[in-house]
Structures are given as C-alpha cells and as structure tokens.
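Student: What follows is a predicted protein model with its sequence.
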Amino acid sequence: MATQSAIKWGIAPIGWRNDDIPEIGKNNNLQQILSDIVVAKFEGTEVGGFFPEPEVLNKELKLRNLRIAGKWFSSYIIRDGIEQALRDFTEHCAYLKAVNADVAVVSEQTYSVQGTDKNVFKEKPEFTGAEWKRLCEGLNTLGEAANKYGLKLVYHHHMGTGVQTKEEVDRLMAGTNPKLVHLLYDTGHIFVSDGDYLSLLEAHIERIAHVHFKDVRPEVLDDCRAEGKSFLQSFLAGMFTVPGDGLIDFVEVYSFLIQNDYQGWIVIEAEQDPEVANPLEYALIARGYLDSCVLKAFTK
Ligand SMILES: O=C1C[C@@H](O)[C@H](O)[C@@H](O)C1=O
Ligand SMILES: [Co+2]
C-alpha cells in the first residue's frame with residue numbers, strides 16, 4: 001500500500017479561468033489564482049492557456065512554494081498526421097520541462113464536439129479502425145518524445161471526443177505501449193459518460209499516472225442531458241463541481257488508489273462559471289471535504 005505522502009495534491013486553474021471559454025473569469029489574474037491555491041493549501045496546479053512564459057511563471061511559483069503538475073495538449077493526430085502532431089507536442093514538452101512539470105496531458109481532438117454547440121450526450125465522434133490505428137501509433141510516438149523530456153504522457157478521456165467511454169479507453173490502452181502512454185483518470189468525465197466511475201479505475205489502475213478529481217451534480221446532469229446541452233453549456237449550467245459537493249464517493253476512489261500504490265498527482269478540477277461559483281470558496285469546500293472525509297479516513 002502506498003503512503004499518503006506519495007500523492008501530490010493540486011487544484012487546476014479551471015475554476016477561476018477556463019481555456020474552453022477564455023472570456024470567463026478574465027479578471028482573475030495569475031497571481032490571484034496562485035495565492036488562492038496557497039490559501040486552500042494545495043501544493044500545485046496545472047498550466048492554464050493564459051499562463052506566462054516559464055521564467056515569469058517559475059518566479060510566481062517559487063514565491064508561493066507551488067509546483068506545476070502538467071498541462072493540457074489538444075492533439076490532432078488523426079486530422080494532421082503524426083509528424084505535425086509531434087512538432088507541436090515537442091514544443092509543448094519543452095515548455096513543461098522548463099516549468100519542472102511531471103506529466104503532459106493529451107486529448108485527441110479530431111472531430112471533437114467539446115467546444116461546439118452540439119449535443120454532447122448524443123453527438124460524440126466515433127473513430128474508424130484505421131483512425132484508431134493512426135491514433136495509437138501517434139500516441140506511442142508522442143509518448144516517446146515526452147519520455148525524452150522526463151515527462152509522462154497521460155491520456156485524458158473526455159466527453160464529446162472519440163475516446164470518451166470505458167470501452168474506448170480499453171481500446172486505447174490495448175493499442176498503445178504501457179511504457180509510453182499512461183492514463184489520466186478523470187472521475188467526472190467517466191461518470192457523465194458511463195454513469196460509473198469505478199470500473200475504469202479498477203480496469204486500468206496499472207496505467208493511471210495522473211488523476212483529476214471532478215465531482216458531478218446529478219440533478220444538473222439529468223437536466224443537461226434532457227435538454228441536449230453542449231459540453232460548454234453543461235458546465236456553465238453547473239454540471240461539474242468540486243469533490244464533496246456532488247455524488248461521487250471520493251473516499252472509495254482514494255482508498256482504491258492508495259491500496260494499489262498510486263503515486264503521483266491528484267488534481268481537483270471543477271469547471272464552473274466563476275461568476276456563479278466563487279473559485280476560492282469552492283477550493284475551500286474541496287479542501288474541507290478532503291481533510292474531513294477523504295484524508296481523515298486514512299489518518300489514525
Ligand atoms: O482536464 C480537463 C481540461 C479542460 O480543458 C477540459 O475541458 C476539462 O473538462 C477537463 O477535464
Ligand atoms: Co480533466
């Protein structure tokens with residue numbers, strides 16, 4: 001069993017500002033967000049699209065004793081081919097190395113409806129056999145590049161994309177090299193997709209190298225599904241929230257991770273409209289729940 005100290009806790013800037021809708025939360029600047037993260041007692045964060053060049057970011061991090069876990073990368077391996085994806089990804093890895101990150105978060109966005117107004121519950125893309133082959137080979141190539149930079153490529157299954165359901169993650173894991181391609185387990189995305197968050201965790205625990213703790217408000221999810229909302233409309237409506245505020249049992253998830261020697265980051269990631277859900281308030285709700293329920297269950 002892993003010790004709790006093998007886990008690093010972070011919170012993503014997505015509650016303050018969101019790369020999927022860059023207009024929202026624009027008044028929250030980097031310094032403010034990083035200071036809020038310190039107030040809520042997290043050790044680090046992920047890089048948002050608005051974060052500055054490494055020298056500037058590193059200084060702000062050092063002032064607050066914070067670390068960077070990783071950064072999202074939208075790959076277009078199927079659309080653009082492996083060579084183009086590798087060029088873009090190599091630049092991404094160089095940035096991550098310069099900010100001393102651990103993982104590169106990759107999500108294939110070819111045909112994705114994530115940023116569109118399509119019904120995210122019904123209009124996700126499906127890849128053909130040839131596209132799956134191209135994707136898996138491409139990810140192995142990107143994973144090799146990540147390793148050269150001392151990073152792990154962690155694949156993010158995501159609503160509205162071709163790798164969304166457990167079955168699709170199974171296929172991706174079976175088609176890629178475990179030394180090169182790891183899995184990012186996101187509780188919120190898999191629950192919204194499949195109505196179950198434990199099966200994916202149990203099936204792929206050996207491949208999981210990064211975790212997003214995202215909670216779901218079930219009544220909002222039901223409404224969004226019934227109304228055929230897009231991904232962006234759904235999170236603006238409050239489909240996601242921080243752990244402790246929705247229906248996912250994170251004690252169960254955390255216990256399984258610890259019992260199976262998970263080592264790495266767990267990042268709280270709850271996109272909401274920052275005008276509606278005060279980001280620091282929600283970071284503190286997450287902190288309260290972690291301390292009083294999740295971590296307490298393991299502290300004698
Ligand atoms: O990890 C994530 C990054 C975001 O850009 C994405 O849309 C969000 O839902 C997520 O889980
Ligand atoms: Co996520």
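Tutor: Okay, I see it. Ligands and ions are numbered 1, 2, ... in the order given.
Student: Tell me where the protein has strands.
Tutor: Assigned by DSSP state E, the chain shows strands spanning 7-11, 44-47, 67-75, 103-108, 152-156, 182-186, 208-213, 215-216, 240-241, 264-268.
Student: show me the contacts for the residue nearest to Val169 when sequence neighbours are not counted.
Tutor: Leaving out its chain neighbours, the residue that sits closest to Val169 by Cβ to Cβ, 6 or more residues apart in numbering is His157, at 5.0 Å. (Each C-beta comes from the backbone N, C-alpha and C, glycine too.) Neighbouring residues of His157 by Cβ atoms under 8 Å, 6 or more residues apart in numbering: 163-165, 168-169, 172, 183-184, 186, 189-190, 193, 200.
Student: what residues does the protein put near ligand 1?
Tutor: Asp19, Asp20, Trp72, His156, Asp186, His189, His212, Glu269, Glu271 (Cβ under 6 Å from any ligand atom).
Student: residues near Asn100, how many?
Tutor: Residues near Asn100, counting by other Cβ atoms under 10 Å, number 12.
Student: ok, which stretches of the stretch 51-200 of the chain are helices?
Tutor: In the stretch 51-200 of the chain, the helices defined using DSSP state H, counting those that start in this stretch lie at 54-64, 77-80, 82-98, 129-148, 166-175, 187-194, 198-204.
Student: who wins for proximity to ligand 2 among these?
Tutor: Ligand 2 lies closest, by Cβ to the ion, to one member of the helices of the stretch 51-200 of the chain: helix 187-194, at 6.2 Å.
Student: what's the closest one packed up against?
Tutor: helix 166-175, strand 208-213, strand 215-216 (3 or more Cβ pairs under 8 Å, 6 or more residues apart in numbering; DSSP states H and E).
Student: Output those in a markdown table; the columns should cover mean neighbour count, mean pLDDT and distance to ligand 2.
Tutor: Rendered in a markdown table, the data for those read as follows (neighbours: other Cβ atoms under 10 Å; pLDDT from 0 to 100; distance: least, Cβ to the ion, whole Å):
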| stretch | mean neighbour count | mean pLDDT | distance to ligand 2 |
| --- | --- | --- | --- |
| helix 166-175 | 16 | 99 | 13 |
| strand 208-213 | 24 | 98 | 4 |
| strand 215-216 | 24 | 98 | 12 |
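Student: For Asn147, which of those is the nearest?
Tutor: Each of the helices and strands packed on helix 187-194 has some distance to Asn147 by Cβ to Cβ; the shortest is strand 208-213, at 11.9 Å.
Student: Turn the strands of the chain into TSV, columns for distance to Glu126.
Tutor: Listed next are the strands of the chain as TSV, based on distance: least, Cβ to Cβ, whole Å:
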stretch	distance to Glu126
strand 7-11	33
strand 44-47	29
strand 67-75	18
strand 103-108	13
strand 152-156	17
strand 182-186	20
strand 208-213	24
strand 215-216	24
strand 240-241	24
strand 264-268	29
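Student: Nearest to Ala283 among these would be which one?
Tutor: With distances scored as Cβ to Cβ, the stretch of these nearest to Ala283 is strand 7-11 (5.6 Å).
Student: Look up which residues are beta-bridged to the closest residue to Ala101 other than its chain neighbours.
Tutor: Closest residue in space to Ala101, ignoring its immediate chain neighbours: Ile68 at 4.5 Å, by Cβ to Cβ, 6+ apart. Taking DSSP bridges as the rule, Ile68 bridges to Thr45.
Student: my guess is Ile68 contacts Lys62, does it?
Tutor: No. Using Cβ atoms under 8 Å, Ile68 makes no contact with Lys62, being 11.4 Å away.
Student: These two - which one has more neighbours?
Tutor: Using other Cβ under 10 Å as the criterion, Ile68 and Lys62 rank with Ile68 on top: 24 against 10.
Student: Check the gap between the residue positioned nearest the centre of the chain and Cys293 for me.
Tutor: In the chain, the residue lying closest to the centroid (Cα atoms, centre = their mean) is His212, at 4.8 Å. Distance from His212 to Cys293, counting by Cβ to Cβ, to the nearest Å: 18 Å.
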